[in-house]
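A.B. asks: let me see the structure of the following:
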Amino acid sequence: MEDEDDEVERTVRWLEDLSNGVLKRDFEFLTLQGLRVVRARKDSFLCAFVVPDRLSDRDGNWHVGAMVTLIDDVGAATAYCATGNVKATLDFSVSFLSPAKIQEEVEIESKVVGAGPKGKLAMVVVEVRRKDNGKLIALAKQWLASVNLTGDQLSSKL
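C.D. replies: Next up is the predicted model:
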């Protein structure tokens with residue numbers, strides 16, 4: 001259980017470092033800045049996010065590219081935490097059901113719904129919902145596969 005807690009804590013720290021600009025990945029910092037991990041478990045995460053002005057499209061909605069980046073990172077973190085392997089996204093589909101407005105608070109919930117043998121393959125489902133009424137904004141399905149990284153690469157990835 002202690003190893004599991006360490007993995008969850010390490011993964012939460014990685015997401016927080018991305019959202020705080022510690023890892024010096026400018027694009028991810030811009031799209032994840034302000035992300036808060038509300039609940040973290042070995043196979044699921046719940047995050048909160050207030051959509052900032054800088055991520056708006058022409059209509060004053062959350063830009064879908066920024067939303068997809070956030071979904072991809074939260075999904076990858078969830079897969080890593082569940083399997084202990086760093087993953088690369090193989091297949092990624094997102095259904096956008098309603099727009100999120102700037103300054104709206106949303107919740108991002110990700111769950112590992114399937115894992116292959118030895119944790120080398122994982123399927124994650126990510127839901128983005130309005131915090132005030134629970135209305136679904138986006139639903140994503142993400143297949144991820146293990147990648148081999150050296151120690152230096154691993155510390156920069158997670």
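
A.B. asks: was I right about residue 103 contacting residue 50?
C.D. replies: Yes: shown here, residue 103 and residue 50 form a contact pair, counting by CB atoms under 8 Å, at 6.4 Å. For glycine as for every other residue, the C-beta is placed from the backbone atoms N, C-alpha and C.

A.B. asks: any weak-confidence spans in the protein?
C.D. replies: Low-confidence segments of the chain (pLDDT under 70): 1-4, 24, 148-158.

A.B. asks: just the helices in it please.
C.D. replies: Secondary structure of the chain (DSSP state H): helices at 2-20, 26-32, 64-83, 151-157.

A.B. asks: how about the first one: buried residues?
C.D. replies: Judged by neighbour count using 16 or more other CB atoms under 10 Å, the buried positions of helix 2-20 are 7, 8, 11, 12, 14, 15, 17, 18, 19.

A.B. asks: the first one and residue 85, how far apart?
C.D. replies: By that I understand residue 7. Applying CB to CB, to the nearest Å, the value for residue 7 to residue 85 is 11 Å.

A.B. asks: how about residue 91?
C.D. replies: Going from residue 91 to residue 85 by CB to CB gives 17 Å.

A.B. asks: of those two, which one has the most company?
C.D. replies: Per other CB atoms under 10 Å, whichever of residue 91 and residue 85 has more neighbours is residue 85, with 19 against 10.

A.B. asks: quick one, phi/psi of that one?
C.D. replies: phi -120, psi 140 (degrees, to the nearest 10).

A.B. asks: how about the contacts made by it?
C.D. replies: Applying CB atoms under 8 Å, 6 or more residues apart in numbering, we find residue 85 in contact with 79, 119, 120, 146, 147.

A.B. asks: re earlier: compare the helices of the chain and give me the one nearest residue 97.
C.D. replies: helix 64-83 (11.8 Å; CB to CB).

A.B. asks: tilt between that closest one and helix 2-20?
C.D. replies: Angle between the axes of helix 64-83 and helix 2-20 is 160 degrees (criterion: axes from the mean of the first three to the mean of the last three CA atoms, to 10 degrees).

A.B. asks: buried sites along helix 64-83?
C.D. replies: 66-83.

A.B. asks: check contacts around the spatially most central residue of the chain.
C.D. replies: Closest to where the C-alpha atoms of the chain average out (CA atoms, centre = their mean) is residue 74, at 0.9 Å. Residue 74 sits next to 15, 35, 45, 47, 108, 110, 126 when contact means CB under 8 Å, 6+ apart.
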